[in-house]
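**Q** Make a model of this:
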Amino acid sequence: TQCFIAGSVSAKAKGVVDCVEGAKVRLIKGGKAVAETVTDNYGDFKFDRLDENSGDYVVEISAGKTKKSVPAHLGASLTLGEIRL
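**A** Next comes the predicted model:
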């Protein structure tokens, strides 16, 4: 069975929260990058075709000088929701 990890990246600038388009998003497992993508114009990203119950991952997001890492444990498909930089 195949699963996914997805989320949406946003940032606050000048008092306004907006989506972050073009942020680099890497999926890390066991210290190695297993997939990479960029956020779309809504700030969304998705990593497909992951094995069910495949365990611990780290989602690493980079936008300009800002970086953030979010832990994710994959049992079934997982949506991380809004990730604020």
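**Q** Could you tell me the model confidence score at residue 1?
**A** Listed pLDDT for residue 1 reads 69.
**Q** how about the spatially most central residue of the chain, what does it touch?
**A** The C-alpha lying nearest the average C-alpha coordinate of the chain belongs to residue 59 (C-alpha atoms, centre = their mean; 4.8 Å). Going by C-beta atoms under 8 Å, 6 or more residues apart in numbering, residue 59 touches 5, 7, 25-28, 69-72, 80, 83. Just so you know, the C-beta spots here come from the backbone N, C-alpha and C atoms, and that holds for glycine as well.
**Q** try it again with 7 Å
**A** Residue 59 is in contact with 5, 7, 25, 27, 70, 72, 80, counting by C-beta atoms under 7 Å, 6 or more residues apart in numbering.
**Q** Could I get the full set of strands for this protein?
**A** For the chain, the strands defined by DSSP state E cover 2-13, 16-19, 24-29, 32-38, 44-51, 55-63, 66-74, 78-84.
**Q** tell me what the third one is packed against?
**A** The criterion is 3 or more C-beta pairs under 7 Å, 6 or more residues apart in numbering; DSSP states H and E, and the helices and strands that strand 24-29 contacts are strand 32-38, strand 55-63.
**Q** can you list contacts of the first one?
**A** It refers to strand 32-38. So strand 32-38 is contacted by 22-27, 45, 47 (C-beta under 7 Å, 6+ apart).
**Q** quick one, it and strand 44-51 angle?
**A** 140 degrees (axes from the mean of the first three to the mean of the last three C-alpha atoms, to 10 degrees).
**Q** just the longest one next, same as before
**A** Between strand 55-63 and strand 44-51, the angle comes out at 150 degrees (the same axes, to 10 degrees).
**Q** got the CA positions of strand 55-63 in CSV?
**A** Written as CSV, here are the backbone C-alpha positions of strand 55-63 (Å, rounded to 0.1, in the frame of the first residue of the first chain):
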residue,chain,number,x,y,z
GLY,A,55,8.4,5.1,10.0
ASP,A,56,10.2,8.3,10.8
TYR,A,57,10.9,11.0,8.3
VAL,A,58,12.0,14.7,8.5
VAL,A,59,10.5,17.2,6.2
GLU,A,60,13.1,20.0,5.6
ILE,A,61,11.8,23.3,4.2
SER,A,62,14.0,26.1,2.9
ALA,A,63,12.8,29.5,1.7
